[in-house]
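Q: Got a sequence here, can you build the structure:
(chains A and B)
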Amino acid sequence: MSCQYELYEPSWCPGCGNYMIRTALKMALEELGIKPHEVVIVSGIGQAAKMPHYIKVNGFNGLHGRALPPAIGIKMANKNLHVIVESGDGDTYGEGGNHFIHAIRRNIDIAHFVHDNQIYGLTKGQASPTTAMGQVTTLQFDGVKVEPVKPLALALTMGAGFVARGFSGDIPHLVGLMKEAIKYRGYALVDILQPCVVWNKVNTFSWYKNRVYYLPESYDYTNKEEAMKKALEFDDRIPIGILYKVEKETYLDKFDFIKEGPALVDLELNPLDAEKLMDEFR
Amino acid sequence: MDLSLIIGGQAGQGMDTFASLFEKTMKRCGYNVYAYSDYMSRIRGGHNFFNIRISSESILAVKDDIDILFALDEETIKVHKHKVKDTGIIIADESIKGEADITHLKLSDTARKLKNPRVINTIGLGAILKYLGVPVHIASEVIREEFNEEIANANLKALEEGYRLMDAKYHLDIREDNNILINGNEAVALGAIAAGCKFYCGYPMTPSTGILNFMARHADEFNIAVDQVEDEVAALNMALGASYAGVRAMTGSSGGGFALMVEALSLAGIIEVPVVLINVQRPGPATGFPTRTEQADLRFMIHAGHGEFPRMVIALRDTEDAFYQTIRAFNIAEKYNIPVLLISDQHLADGVTTKKPFNFRDISIERNIQSSIEEEYKTYRLTESGISPRIIPGKIEGATVLVDSDEHDEYGHITESGEIRTKMVDKRLRKFELLKEEINEPWLIGDESPENLVVCWGSTYGAVKEAVENLKDEGISIGTLVFGDIWPFPTKKLLELNKKARKIIDVEQNATAQLDSLIREEALIKSDVKILKYDGRPFTADEVYRRIKEVL
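A: Numbering: from 1, shown residues only, chains lettered A, B, ... in the order given. You can find the predicted model right below:
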């Protein structure tokens, strides 16, 4: 069976950054030699969350904000699956904020690709958790009055072991980030800057293009303080690349029977095994 | 023989240990035990008590009056002295005063002599067991099993000292003991483990936490991934993920936590991923009475979730039923690819009962998972039954499984087609029609064709059964239907008995008679009398007896 991924016709707007992200994802999976049936893409709701419909893999397109919990359940049940979460900034940092924080704490082996266009697309142009303060939107017509979430800094403070930022306009670079994230043992966050051509007239393709720059060769991605500085750099210049990467024990490493044994899904079920528990009650 | 004991005091006074030692000792003497713990939502102070009933008959409820009151503080005497029978006894340390005829024992004095203030309750236990005529070796054996050597030795000395403090009033026959002693939460967790549940998650919430504890305690031994989630929103979503990936998965909470799962319950409905969840009810609304009991979430469980989708709701009646129904819930969930919801309550969850050991030999695990496919796989293949063949993602090369919370086509892809939408709704609801054919009719207890028909559900079973049997013994034509399977709602037996019944009496632990409303809706029958209780305390058999007798 080949590692070629079939694609379906998306309903995204022409020029949407999601196309490039999908292209990068397909390339990353194919280059890694992972077969489609070995991958699950889990998503919530939003334009980004339609990804499992547009590339042929196993897909769990769940509820808005709730992509991470089923992804965790899937990985715990079958450690042999490659679990990828694809969702937008609203889904991940707004509705799913609590799950985001606690997924990082678990450090379970999931690659999390957040399509961050700093606006709500599917609901037509309202502010997202990453929209800049003061930005005028279809709902915040006199400007956003609250601070934006700083996802990478938040991830670092929660102890994430892999924190990266990509740009949909730089596919080869993004493919590299995705491959690293998928290979990483543990929770890997890649916040992917992406223009919304219809609803975000501020953070346009050229707005991002003029700001993003590669982290230099000399950059030490194991230095958390440096990573924090880079995570907060989001104005005239925005660094892209792996900001932070260290090896950490994963969540499943802490369950001996999962680490050493077969995937839970492969266990034989035998009710008689439980009979010995009766002794506790005699 | 039918004896009741209450031990009462403040939270933190060690009543749990006394209760478990006493219950186990009485079980080992060959008696049936039913114990209910009444506790406050606090860690220290307040007033908590255990009501422990011992009988040669099978029992599932406590009585109004008691034979022994063991008071660890003065408040206990105030609260419970009116329950003590004329032939009964109030036992307390000599330091405890109260306006009652108290048998004062030198409990703290003896503990001081033993240089161990922590064994005070064990001294009391010894005194009470002596009073009942229980040979000391039975309790000694229980103590040796429950504690490590050092603590056991201290308690054994205390037990012996206690035996010196009282004279025997009773001389219990010691009978053969083949029973187990188990509470509702343990029975559910045990059922889940026996059924092959490999994923359980939850957020601690009284009175459901016991299930999470039990699963966690046995996780390593049975290869069960147990996760304490950030919230109940995550809980059901996570369980659905695990089930999608191919393991049997379950989550549980009480009403407030279940409220947070409602969104994902609707998800389970449309993605058709099997899952088992349990609501161990406590009185609401909102935080309500955190440590007490009620049956007010029945309608909520049946209707929770936006949109229309099939589910099964099973009310658990006692510990034995809880075990077998939990196993059955997994089989039904995986037969129809639906959520199966179990309803328990604090009364059942914390109530300890003696039962025959459960039968593990006859448990069958029916998963309905295909390991190969002959044609292109479609997650939501339209079939006559409405049930689409299920495969596990990652197990069949070339085949992928797509589930979607949007309305979808057979492949699981988003659709806007009205025609496909209608077909998918019909497909999902066809499963419900099929499910109706295999639901269990309610248990009938008492007369085969009674003039007075009592209806009840879930854990009120114990009190109602005892009351109805006593009334029947008095020559009254009475019987009760005890609903376990409650959604889809079984009507056959009810309609049949309604032909002869002159009076239908609905007994429930809620204020709005939710079972009665279901009966009206599903069977077009109205109860004549409603006996309702919603003070957070479980029905006693006496109370049900009295209140039924008033309306006959």
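Q: Residue of the stretch 201-350 of chain B nearest chain A, please.
A: Closest approach of the stretch 201-350 of chain B to chain A (CB to the nearest CB) occurs at B:G241, with a separation of 2.8 Å. All C-beta spots, glycine's among them, are computed from the backbone N, C-alpha and C.
Q: mind listing what that residue touches?
A: B:G241 sits next to A:V42, A:F60, A:P69, A:P70, A:A71, A:I72, A:G73, A:I74, A:A77 when contact means CB atoms under 8 Å, 6 or more residues apart in numbering or on different chains.
Q: got CSV for the residues you listed, with secondary structure too?
A: Putting the contacts of B:G241 into CSV (DSSP: H, G, I helix; E, B strand; the rest coil) gives the following:
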residue, secondary structure
A:V42, strand
A:F60, strand
A:P69, helix
A:P70, helix
A:A71, helix
A:I72, helix
A:G73, helix
A:I74, helix
A:A77, helix
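Q: what's the pLDDT at the residue of the stretch 201-350 of chain B closest to chain A?
A: B:G241 is assigned a pLDDT of 98 by the prediction.
Q: For it, grab phi and psi.
A: phi -60, psi -50 (degrees, to the nearest 10).
Q: gap between it and B:R311?
A: Computed as CB to CB, to the nearest Å, the B:G241 to B:R311 distance reads 19 Å.
Q: go on, B:A189?
A: 22 Å.
Q: higher neighbour count, those two?
A: B:A189 (29 against 25; other CB atoms under 10 Å in any protein chain shown).
Q: so who does the more buried one touch?
A: So B:A189 contacts B:G210, B:I211, B:F214, B:M215, B:H218 (CB under 8 Å, 6+ apart).
Q: Quick check: which element contains it?
A: helix B:184-194 (DSSP states H and E).
Q: now the strands for chain A?
A: For chain A, the strands defined by DSSP state E cover A:39-43, A:58-61, A:82-88, A:110-116, A:162-167, A:187-193, A:212-214, A:238-245.
Q: Mind checking the pLDDT average for the second one?
A: Right, strand A:58-61. 98.
Q: Pull up the pairing partners for that strand, direction included.
A: strand A:39-43 (parallel), strand B:402-404 (parallel) (DSSP bridges).
Q: which residues are contacting that strand?
A: With CB under 8 Å, 6+ apart, strand A:58-61 has contacts from A:36-37, A:39-43, A:45, A:49-50, A:52-53, A:70-71, A:74, A:81, B:241, B:244, B:271, B:393-394, B:400-406, B:412, B:414.
Q: mind saving the C-alpha coords of it as PDB?
A: Taking C-alpha atoms only, strand A:58-61 is exported to PDB below (Å, rounded to 0.1, in the frame of the first residue of the first chain):
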ATOM      1  CA  ASN A  58      -9.000   8.300   9.600                       C
ATOM      2  CA  GLY A  59     -10.900  11.300  10.800                       C
ATOM      3  CA  PHE A  60     -12.700  12.400  14.000                       C
ATOM      4  CA  ASN A  61     -14.400  15.700  13.200                       C
END
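Q: Model confidence for A:M1, exactly?
A: 50.
Q: Next one: B:V401 relative to chain A, how far apart?
A: 5 Å (CB to the nearest CB, to the nearest Å).
Q: where does chain A have low pLDDT?
A: Scanning chain A for pLDDT under 70 picks out A:1.
Q: where along it do the helices fall?
A: A:17-32, A:51-54, A:68-77, A:89, A:97-106, A:151-157, A:171-183, A:205-211, A:224-231, A:256-260 (DSSP state H).
Q: what distance separates the last one from the centre of its chain?
A: The gap between the average C-alpha position of helix A:256-260 and the chain average comes to 26 Å, counting by CA atoms, centre = their mean, to the nearest Å.
Q: Tell me the buried residues in it?
A: Residues of helix A:256-260 classed as buried: A:F257, A:I258 (neighbour count, 16 or more other CB atoms under 10 Å in any protein chain shown).
Q: How about the longest one?
A: Within helix A:17-32, the residues that qualify as buried are A:17-30, counting by 16+ other CB under 10 Å.
Q: what packs against that helix?
A: Other elements packing on helix A:17-32 under the criterion 3 or more CB pairs under 8 Å, 6 or more residues apart in numbering or on different chains; DSSP states H and E are helix A:51-54, strand A:82-88, strand A:110-116, helix A:171-183, strand A:187-193.
Q: got the angle for it vs strand A:39-43?
A: Angle of helix A:17-32 versus strand A:39-43, following axes from the mean of the first three to the mean of the last three CA atoms, to 10 degrees, is 160 degrees.
Q: Next: the fifth one.
A: With the same axes, to 10 degrees defining the directions, helix A:97-106 sits at 140 degrees from strand A:39-43.
Q: who touches helix A:97-106?
A: A:65-69, A:71-72, A:92-93, A:110, A:112, A:129, A:149, A:151, A:154-155, A:158-160, A:187, A:189, A:251, B:229-231, B:233-234.
Q: Give me the buried positions along it.
A: For helix A:97-106, by 16+ other CB under 10 Å, it's A:G97, A:N98, A:H99, A:F100, A:H102, A:A103, A:I104, A:R106.
Q: Okay, and the beta partners of A:V85?
A: A:V42, A:H112.
Q: List the contacts of it.
A: By CB under 8 Å, 6+ apart, the neighbours of A:V85 are A:I41, A:V42, A:S43, A:A67, A:L68, A:A71, A:I110, A:A111, A:H112, A:F113.
Q: Check whether B:W487 really touches B:R311, as I assumed.
A: Yes - with contact defined as CB atoms under 8 Å, B:W487 counts as touching B:R311 (6.8 Å).
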